[in-house]
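J.: No sequence on hand, only this structure:
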C-alpha cells in the first residue's frame, strides 16, 4: 500500500491553476522530496494533501484512503504537517504544554501529562520547557515543539514544508538529525518540500523536481548525489546549488 | 594608502531590563577597495555592525568606537545632516528584502531618479539616461518598461536588482550588502551576486557582504570575518575557508549537509565550548 | 523562594504558574506607566465608592431639605445642595453606583457580542461575512446617541433601557475590530496546525482566535468607557436615561442647567465626576495598550 498517491491532480488558487496533472506514488516508510523554486507549486501539493488547499481535481489518497477536499478529523491521526516558520506556527499565548495537549484533548486521548513529557523527551527538549511560552524559546526549540505537536497523534505520514529553511545552519543540522532519528525510530513516511538539494541528499530516498506546477523529473537520491539527473532543468538547479555547494536553506 | 574604511573597537549595545547588553563587542577591521565578507548566525551582531557603520542604530541603541573613519572622515562626530550626505552618495546599503525597501506607491524609475537627484543636480534628460543605463547595468532587458512599473509588479529577483541599481546610481565608494539574496531563489541568487560583483570590481568600489552563508561569502569575497556572539572569531583570506582553525568556523562548515551526503548524522555545534552565550 | 521569584520563574512547573507569571509581568509593566497607574487608581476609587456608598455618603441621596435649597459648597454640604435641598456630594457618591452599573453592563453585553460576531464573520468569510458585516455597517452608519435615543424612545425611558440602548449601539465597533484581527490570524500557521489536528470551527474560534483578539478588545473597551459614560450622561441629560429622583450624573447636570449662572455648583460638581472618571478610563486604556499590544510581546 502506498502512503501517498496522487493521480492526475490539478490544484488552483482562485482562477489560477498552480499545479497541473501531477502523478506521484510514495511508498510507506519512504522519505520523498519535492524540490523546485518558489512558485513551482511544491508547497501547494503539500497543502492539498493536508486539506488546506481544497480547490483541486483528480485523486489524492493517504494510506489507501481517498482524501476529501477539506480538513479531516480521521486523516489527522494518520497524516500531520510541520510548517516552515517556527515563529508563526505556534500560538503566541499558549504554553508548550497547552499546544501539545490540544490534539490529545480533541481526540479524547487520556494520560496527557505523561504523553507530553515523553514527546518532549523524544524531540530532545528538556522538561523545563514544558510550561514556557513560545517567545521564550529559540527558533530551533520552537521547531522541535512543532515537530512534537505533529507527532502527538502518532501519525504514520509527516508532511514537512521547508522545516529548516528559517533556521541557522548549526540549528538546521540539529533538526535534520532529529527528523532522521524520528523516522528511523517510528517508521515514518516523509514528504519533504524544500529548495535545498543538500538537505534532500541527507534526509531523502527519492525526489521529484518541479517547475511551473508540473513534475519535471522523479529521481533516486543516488542520481542526485552523483549528479546524474536527466532533465536539463534539474541539472540547472543542481548547478546553481553546486556553485555554492552545501548552501543553507 | 589610507584605507577606505577603518573601524576600531566598535561596540553596539542595547538596554534591557537586565542592564545594557552588548550585541557587538569590540570589532576592528580595515577595508580598502576590496570585498570583505562578514558571516555569522542570527544574533552574531553582523547586521548591527553594518548598520553601525552608517550610524543607522536607533536610540536607545548605543554605538561606541575608538575609531570609525571613512575616507578620513570621522563618522563618529558627524551629525545626522552630515551623515545624510555620506549615506547613499558615498556609502550605500542593500537590504535583505526588496518588498520592504521599495516604496509601493512610486514607480521603479521614479525611485531610482530620487536616489540620484538627492545627491546631484542634473537635467531631466540626463537623469533618464542614467537610469536606463543603470537598469541595463543590472541586466534588466527592457529598462524602459521596467522603469514605469510599480514594485508589486516586479518579481523578487528583479526587485533586488532594482534596489541595487538604486543604491549604485549615485556611484558610492562603498557598498554594504546585508543578506542581499536570502529572500531569493538559488538560481537568481547567483545572478544578483554576479551583478554586484561585476559592478564593484569595474567601478573600483569597496564591498561589505553580510551573510549567514559561509560558502556564498567565500565565493565572492577577498577576505572573510567570521562573527559569533558579537565578536570576530576568525579572519580568513579568499579560498582558505577549508583551512579555518577556529572550532566555531569548523563546526559551521561541518554542520552543513553536502550534495553528496554520506554521513548518517550531522555534527552539531557545542556552543558551550567557546565564550559568549 | 519568594512569590515574586515563583512568578518570574523562567521554567514554570505548571500551566497555572506560567499564566500567573504572564499576568504578573503585564501588571508590573502597567505599574511602570504613571498615567495608567493614575487611571487605575481613579477606577479603583470609583469601584470602592460605589461599594461603600451607604457608609461614605453623609446624607441620603434623595432626602429633601427645602429650607436649605441651592446652598453653596460649605463645611456641611461639601458640594453644596440642589434645588430640592439634596446634598450634591452624597448624590455624586450614590451616582457612582449607577455609572459603574452602566459601564459594567454595557461592557459585558457589547464586547462579547461584538467579539463573537466579528470572529465568526472573519473566520468563515463568504456569505456569513457579508451578512454579518452588512448588519454591523448599518448600525455603524447611524450616530450613536441618535440610535440610542431611538431605542430608548421605543423601549421607554429608564436606566435599564438606556443600558440596552448603549450596548446595542456599541457592539458594531467591536465586531469590526474582531473581524479585522481574525482575518490576520485565520491564515496563520498555528491555526492551520490546529485544524489539521481535527479541531472544529468552534474550538478554533473560541480557544485560538478569541484569546488573541481579547487584548485589543480590552484596550478598546476601556477607551470606549469614557464615551459610554458620556452617552449615558447625555441620555440622562435629555431625560431619557435614569429617572428622578435617581442621582444619575447626567440627569443632575440637566437639572442644574437652569441655575448654571447663579448656582454654578449644581451642574459643575457632577460634571467634574464625569470628567474624572472618563479620564481615568482613558489613562488606563492607554496604559493597557502599551502593555498588552501583541506587537510588544516578548520584548
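T.: Good, I have the coordinates. These numbers were taken from a predicted model, which means no experiment stands behind them.

J.: Compute the first-to-last residue distance for stretch A:31-46.
T.: Stretch A:31-46 has an end-to-end distance of 14 Å (C-alpha to C-alpha, to the nearest Å).

J.: mind listing what's buried in that stretch?
T.: Neighbour-count burial for stretch A:31-46 flags A:31-37, A:39-46 (criterion: 16 or more other C-beta atoms under 10 Å in any protein chain shown). Bear in mind the C-beta positions are built from the backbone N, C-alpha and C, glycine included.

J.: Same check on stretch C:63-75?
T.: For stretch C:63-75, using 16+ other C-beta under 10 Å, the buried residues are C:70-71, C:73.

J.: Nearest residue to the middle of chain A?
T.: The centroid of chain A falls nearest to residue A:160 when counting by C-alpha atoms, centre = their mean (0.8 Å).

J.: hang on, that one in a strand?
T.: Yes. Residue A:160 forms part of a strand when assessed by DSSP: H, G, I helix; E, B strand; the rest coil.

J.: Below-threshold pLDDT in the chain: ranges please.
T.: No chain in the question, so chain A it is. A:243-249 (pLDDT under 70).

J.: oops, I was thinking of chain C
T.: Chain C contains residues with pLDDT under 70 at C:1, C:293-299.

J.: can you tell me how far the residue nearest to the centre of chain A sits from residue A:34?
T.: From residue A:160 over to residue A:34 the distance is 10 Å, taken as C-beta to C-beta, to the nearest Å.

J.: Between the two, which contacts overlap?
T.: Jointly contacting residue A:160 and residue A:34 under the rule C-beta atoms under 8 Å, 6 or more residues apart in numbering or on different chains are A:191-193.

J.: Turn the residues you listed into CSV, columns for secondary structure.
T.: Output for the shared contacts of residue A:160 and residue A:34, formatted as CSV (three-state DSSP):
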residue, secondary structure
A:191, strand
A:192, strand
A:193, strand
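
J.: Can you tell me which of the residues you listed is nearest residue A:27?
T.: Nearest to residue A:27 out of the shared contacts of residue A:160 and residue A:34 is residue A:191 (C-beta to C-beta; 11.4 Å).

J.: Give me the neighbour count for that closest one.
T.: Using other C-beta atoms under 10 Å in any protein chain shown, residue A:191 has 25 neighbouring residues.

J.: got a list of what it touches?
T.: Counting by C-beta under 8 Å, 6+ apart, residue A:191 touches A:4, A:26, A:32-34, A:46, A:49, A:157-160.

J.: Those residues in strands, which ones?
T.: Among the contacts of residue A:191, the members falling in strands (DSSP state E) are A:4, A:26, A:32-34, A:157-160.

J.: now, which of the buried residues of stretch C:63-75 lie within strands?
T.: Of the buried residues of stretch C:63-75, none are assigned to strands by DSSP E.

J.: any idea which helix or strand carries residue C:229?
T.: Secondary structure from DSSP states H and E places residue C:229 in helix C:210-237.

J.: Report whether that helix contacts chain A.
T.: Yes. For helix C:210-237, a contact with chain A is found by C-beta under 8 Å from any C-beta of the partner chain, at C:211-212.

J.: Just give me the neighbour total for the residue lying closest to residue C:292 once chain neighbours are set aside.
T.: Once flanking residues are discounted, residue C:292 sits nearest to residue C:215: 3.9 Å by C-beta to C-beta, 6 or more residues apart in numbering or on different chains. Counted with other C-beta under 10 Å, the neighbours of residue C:215 add up to 19.

J.: Residue C:215 and residue C:181: what is the separation?
T.: Counting by C-beta to C-beta - residue C:215 and residue C:181 are separated by 10 Å.

J.: for residue A:10, same thing?
T.: 34 Å.

J.: So for the two, which sits in the more crowded spot?
T.: Comparing residue A:10 with residue C:181 by other C-beta under 10 Å, the one with more neighbours is residue C:181, at 23 against 16.

J.: What's the first helix or strand after the host helix or strand of the more buried one?
T.: Assigned by DSSP H and E, residue C:181 belongs to helix C:159-186. Sequence order places helix C:189-196 as the next helix or strand after helix C:159-186, per DSSP H and E.

J.: Against which helices or strands is that next one packed?
T.: Applying 3 or more C-beta pairs under 8 Å, 6 or more residues apart in numbering or on different chains; DSSP states H and E, we find helix C:189-196 packed against strand A:79-82, helix A:139-151.

J.: in the helix or strand just after it, what's buried?
T.: Downstream of helix C:189-196, the first helix or strand assigned by DSSP H and E is helix C:201-203. For helix C:201-203, a neighbour-count test (16+ other C-beta under 10 Å) marks residue C:203 as buried.

J.: list the contacts for residue A:80?
T.: Contacts for residue A:80 were tallied using C-beta under 8 Å, 6+ apart; they are A:149-151, A:153, A:155, A:157-159, C:196-197.

J.: no, scratch that, I was asking about residue C:194
T.: Residue C:194 sits next to A:91, A:102, C:203-204, C:208 when contact means C-beta under 8 Å, 6+ apart.

J.: Check residue B:221 too.
T.: Shown in contact with residue B:221 (C-beta under 8 Å, 6+ apart): B:35-37, B:207, B:209, B:238.

J.: Find the residue closest to it in space, skipping its chain neighbours.
T.: Excluding its sequence neighbours, the residue lying closest to residue B:221 (C-beta to C-beta, 6+ apart) is residue B:37, at 3.5 Å.

J.: need the next SSE after the helix or strand harbouring that neighbour, C-terminal direction.
T.: For residue B:37, the element it lies in under DSSP H and E is strand B:35-39. Counting by DSSP H and E, the next helix or strand C-terminal to strand B:35-39 is helix B:46-53.
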